[in-house]
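Chemist: Have a look at this prediction, sequence included:
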Amino acid sequence: MGLILFPGDDDTSSPDVSWSCTGFAAFRQWLAQAEGFALNEMHGFGGQRPWEDVLTTLAPLLNHPDDDGPALAPAQCAALLPRLREIADQPQGGITAPLLQRHIDDARQLALVLQLCIEKDVDLVFG
C-alpha cells in the first residue's frame, strides 16, 4: 500500500507524487531533519513534543495522517512551497547517496504538484 499526493482538479493527466508508506515516512523524516528537529520526537510520531513548539511552514505536511487525511488548501500549498524548494535546492556537498537523491527528486516533484494546486486554486489531495 502507498500514498499519492495530487491536485484535486479531476484531471487525471495532472502531475502527482507517490511513495510507499515507508518511503513517505522517510521523506518526512528527512524534511524534519532539514528543519532542525527529529520527527520521532513529535506528538503523533512516538514523541511528546507538541507541534506548537516547532516553527516550520512544512508543519501541515509533516503533521499529516499518512493517508486519507484532510486535503491541504491552496493557501497551505503556497505556504509550503518556498521552503520545500529551498530544501530541495540546498547544496549537498557532493553527496550522491541514492536515498538522498530520491528525497530531493520527490521534493522537486511535490513542488511541481504544489505549484499546480496554487495555479489552479485546488486542494492537494492525499490518497
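Modeler: Good, I have the coordinates.
Chemist: So which residues of this structure form strands?
Modeler: With DSSP state E, the ranges of strands along the chain come out as 2-7, 17-20, 124-126.
Chemist: gap between the last one and the chain center?
Modeler: Okay, so that is strand 124-126. Relative to its parent chain, strand 124-126 has a centroid offset of 11 Å by Cα atoms, centre = their mean, to the nearest Å.
Chemist: Report all helices and strands that that strand contacts.
Modeler: If you count contacts as 3 or more Cβ pairs under 8 Å, 6 or more residues apart in numbering; DSSP states H and E, strand 124-126 packs onto strand 2-7, helix 98-120. In this view, the C-beta of every residue, glycine as well, is placed from N, C-alpha and C.
Chemist: most tightly surrounded among the strands of the chain?
Modeler: Mean neighbour count, computed with mean count of other Cβ atoms under 10 Å, is highest for strand 124-126 among the strands of the chain, reaching a mean of 21.
Chemist: if we can go back for a sec, quick one: which of the strands of the chain is nearest His64?
Modeler: For His64, the closest of the strands of the chain is strand 124-126, at 6.8 Å, according to Cβ to Cβ.
Chemist: can I get the strands of the chain in JSON lines with mean pLDDT?
Modeler: JSON lines is the format used below for the strands of the chain (pLDDT from 0 to 100):
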{"stretch": "strand 2-7", "mean pLDDT": "93"}
{"stretch": "strand 17-20", "mean pLDDT": "94"}
{"stretch": "strand 124-126", "mean pLDDT": "95"}
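Chemist: for these, which one sits closest to Arg85?
Modeler: Comparing the strands of the chain by Cβ to Cβ, strand 17-20 comes nearest, at 14.1 Å.
Chemist: where does the protein dip in pLDDT?
Modeler: Applying pLDDT under 70 to the chain flags the ranges 1, 67, 92, 94-95.
Chemist: how close does the residue nearest to the spatial centre of the chain get to Leu72?
Modeler: Nearest residue to the geometric centre of the chain (Cα atoms, centre = their mean): Leu61, 5.0 Å. From Leu61 over to Leu72 the distance is 7 Å, taken as Cβ to Cβ, to the nearest Å.
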